[in-house]
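Colleague: Here is the input, now give the coordinates:
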Amino acid sequence: MDREQLYDFVAQRTSRCKILVVGDVMLDKYYYGEVTRISPEAPVPITHVLSEKETLGGAANVAHNLALLGCETSITGFVGDDYHCQSLLDKFTARGIDYHGLITTDRPTTTKLRVIGGHQQMMRLDFEESAPITGPYAERFLNYIHQKLNESLDCVIISDYGKGSCTEENCRKIIETCHAHGVPVVVDPKGANWTKYAHADYITPNLKEINQVLLEPIRNEDKAVEKAAHYVMRKFKIRNIIVTRSEEGLSLVRENEIVHIPTKAQEVFDVSGAGDTVIAVFAMGLAGGMSPADSAYMANLAASVVVAKLGTYAVSREELMAVLRGEKRD
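Modeller: So this is what the prediction gives:
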């Protein structure tokens with residue numbers, strides 16, 4: 001597609017894309033303040049809180065991106081019966097995300113609380129339980145995914161943050177069920193056990209993540225990335241790979257196609273959430289019938305918006321359209 005066709009796709013067709021996000025749902029909380037003195041009780045800085053913010057994190061941030069892009073978005077994962085869960089539900093409601101697939105467990109809602117003094121992160125508190133989720137909870141999880149597939153979906157995203165949702169058995173069953181319904185699966189991986197993603201249509205590691213599964217780390221260079229991607233595809237039976245490469249952009253490696261897309265960011269402030277944006281926009285392109293190369297190109301453009309912002313950020317349809325309007329494609 002040329003630039004005008006990409007623009008028209010985002011402007012007119014994203015609302016037809018039905019995408020289910022599966023994985024580790026999180027809430028990100030921030031307390032912002034100023035530090036002017038040390039506590040008399042212990043040698044720690046006292047942060048005078050001036051403001052606070054809560055945002056969707058993990059798989060929830062992927063869903064947030066899709067919703068802001070105009071897609072028909074649903075999500076399934078695990079939460080606790082607590083205040084943090086209610087905050088998530090309020091945010092899903094406000095963004096029109098179908099959260100009926102969330103399963104309440106006896107563990108806390110995964111939450112990351114950060115204390116920021118000036119521009120420096122002072123502390124992070126994690127509310128979580130990361131043990132693998134099995135048994136009745138996992139059965140309900142898989143049953144919901146099967147139900148959504150029967151209602152028709154265009155794409156499924158597995159967003160693995162290592163918090164227990166994406167076990168090897170769960171991933172295997174999700175991928176098998178999706179393929180039985182003719183629905184592509186795009187995976188954001190975590191850790192070194194990529195065996196659980198076998199037969200996924202696409203996997204979207206960054207360079208650090210792909211180095212975790214290699215015998216020796218590679219440099220951020222085109223040929224090295226191509227060789228590593230083909231090795232990973234063979235070893236783990238992954239069909240296609242998209243490697244996000246920070247300042248070097250993004251590489252799409254398929255069996256018979258290799259596309260290196262340079263970064264478009266003018267200045268990088270924060271890469272938080274950029275991977276969530278890449279997988280969301282890429283999946284949206286696939287769901288809408290775009291080619292993998294065009295989908296990857298558009299995902300790279302969206303990431304250029306995110307990394308220029310501070311903190312976790314979700315790009316909107318209007319922002320992506322604005323970038324497409326100003327982008328001259330070679």
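Colleague: Surely residue 15 forms part of a helix?
Modeller: Yes - the assignment for residue 15, made by DSSP: H, G, I helix; E, B strand; the rest coil, places it in a helix.
Colleague: Residue 71 is in contact with that one, correct?
Modeller: Yes - Residue 15 is within contact range of residue 71, at 7.1 Å (criterion: CB atoms under 8 Å). (C-beta placed from N, C-alpha, C; glycine too.)
Colleague: Same drill for the two, tell me which one is more crowded.
Modeller: In this view residue 15 and residue 71 are compared by other CB atoms under 10 Å, and residue 71 has more residues nearby, 27 against 12.
Colleague: Skipping its backbone neighbours, what lies nearest the more buried one in space?
Modeller: Of all residues beyond its chain neighbours, the one nearest residue 71 is residue 17 (4.4 Å), with distances taken as CB to CB, 6 or more residues apart in numbering.
Colleague: Repeat that for residue 294.
Modeller: Excluding the flanking residues, the one nearest residue 294 by CB to CB, 6+ apart is residue 1, at 4.9 Å.
Colleague: Mind jotting down where the helices sit in this structure?
Modeller: For the chain, applying DSSP state H gives helices covering 3-12, 59-68, 83-95, 135-150, 168-180, 207-212, 222-236, 274-287, 292-306, 317-326.
Colleague: so the residue nearest to residue 294 sits right up against residue 288, yeah?
Modeller: No - with contact defined as CB under 8 Å, residue 1 and residue 288 do not form a contacting pair (10.6 Å).
Colleague: For the nearest residue to residue 257 once chain neighbours are set aside, the count of nearby residues, please.
Modeller: Once flanking residues are discounted, residue 257 sits nearest to residue 293: 7.0 Å by CB to CB, 6+ apart. Neighbour count for residue 293, taken as other CB under 10 Å: 16.
Colleague: So residue 293 versus residue 282, what's the distance?
Modeller: 11 Å (CB to CB, to the nearest Å).
Colleague: Repeat that for residue 160.
Modeller: Here the distance between residue 160 and residue 282 works out to 16 Å (CB to CB).
Colleague: who has more neighbours, the two?
Modeller: A side-by-side neighbour count of residue 160 and residue 282, using other CB under 10 Å, places residue 282 first with 28 against 24.
Colleague: Now do the contacts for that one.
Modeller: Residue 282 makes contact with 186, 202, 204, 242, 295, 296, 298, 299 under the criterion CB atoms under 8 Å, 6 or more residues apart in numbering.
Colleague: Please apply the same query to residue 189.
Modeller: For residue 189, the set of contacting residues under the criterion of CB under 8 Å, 6+ apart consists of 160, 197, 203, 204, 205, 209.
Colleague: What is the neighbour count of the fourth one?
Modeller: Neighbouring residues of residue 204 were enumerated by other CB under 10 Å; the total is 27.
Colleague: swap in residue 93?
Modeller: Residue neighbour count, defined by other CB under 10 Å, stands at 11 for residue 93.
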